[in-house]
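Asker: Please find the sequence and the predicted model below.
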Amino acid sequence: MNPELRQHLVDFLRQKNAKVTPRRMAIIEAAFESHEHFTAEQLLFWSRRRDARISRATVYRTLPLLLESGFLKEVYLNGEHLYDPNYSRRPDHSHLVCSDCGRIVEFDNDPIDRVVDIIAAGSGLRMTSKTLKVEATCRHLEEEGRCEYRPLVRASSPSLGLSGTR
């Protein structure tokens with residue numbers, strides 16, 4: 001985990017009078033050690049690999065703090081609520097989601113932002129936030145009848161956090 005991000009989060013927790021415990025720090029480190037989107041249950045699994053005593057309640061109490069800090073963002077992709085640990089590094093990125101295999105591809109969208117700014121300005125508005133999710137289908141699955149990411153979805157267990165597609 002980036003030491004600067006770690007310090008920002010510790011400072012934020014102290015500002016909120018939230019306890020900075022070894023278990024809470026293990027949860028935070030598990031959340032930001034990967035660039036994968038994750039569910040709360042996946043975060044619980046990853047956190048318990050660091051400390052088996054971490055409770056589900058501690059994970060669920062920590063997540064709102066991370067969201068409030070602005071370093072984590074909740075997104076709704078593939079029919080589930082996921083947490084995006086890449087938000088602090090790239091707050092303006094968007095998501096391309098394969099509806100066949102569930103793969104999530106992040107992309108920067110500066111050209112799209114410029115078009116939206118022009119449209120908004122022409123309407124007398126100014127863009128203050130945006131959420132862009134583009135859904136797509138898997139070209140490999142359509143053309144070859146298989147997708148290299150699909151076996152990862154079948155082999156994954158959301159309750160254990162073993163997905164390789166996020």
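Answerer: Everything's here; your move. These numbers were taken from a predicted model, which means no experiment stands behind them.

Asker: what stretches of this structure score poorly on pLDDT?
Answerer: Judged against pLDDT under 70, the low-scoring parts of the chain cover residues 150-166.

Asker: Need the three-state assignment for Tyr83.
Answerer: On the three-state scheme (DSSP: H, G, I helix; E, B strand; the rest coil), Tyr83 is labelled strand.

Asker: Which residues are in contact with it?
Answerer: With contact set as CB atoms under 8 Å, 6 or more residues apart in numbering, Tyr83 has these partners: 31, 37-40, 43, 63, 66-67, 72-75. Backbone N, C-alpha and C define where each C-beta goes, glycine included.

Asker: Arg49: which of these is nearest?
Answerer: Proximity of the contacts of Tyr83 to Arg49 (CB to CB) peaks at Leu43, which lies at 10.9 Å.

Asker: Count residues in the vicinity of the closest one, would you?
Answerer: Number of residues near Leu43 (other CB atoms under 10 Å) recorded here: 25.

Asker: That one - that's part of a strand, no?
Answerer: No - assessed by three-state DSSP, Leu43 does not belong to a strand; its assignment is helix.
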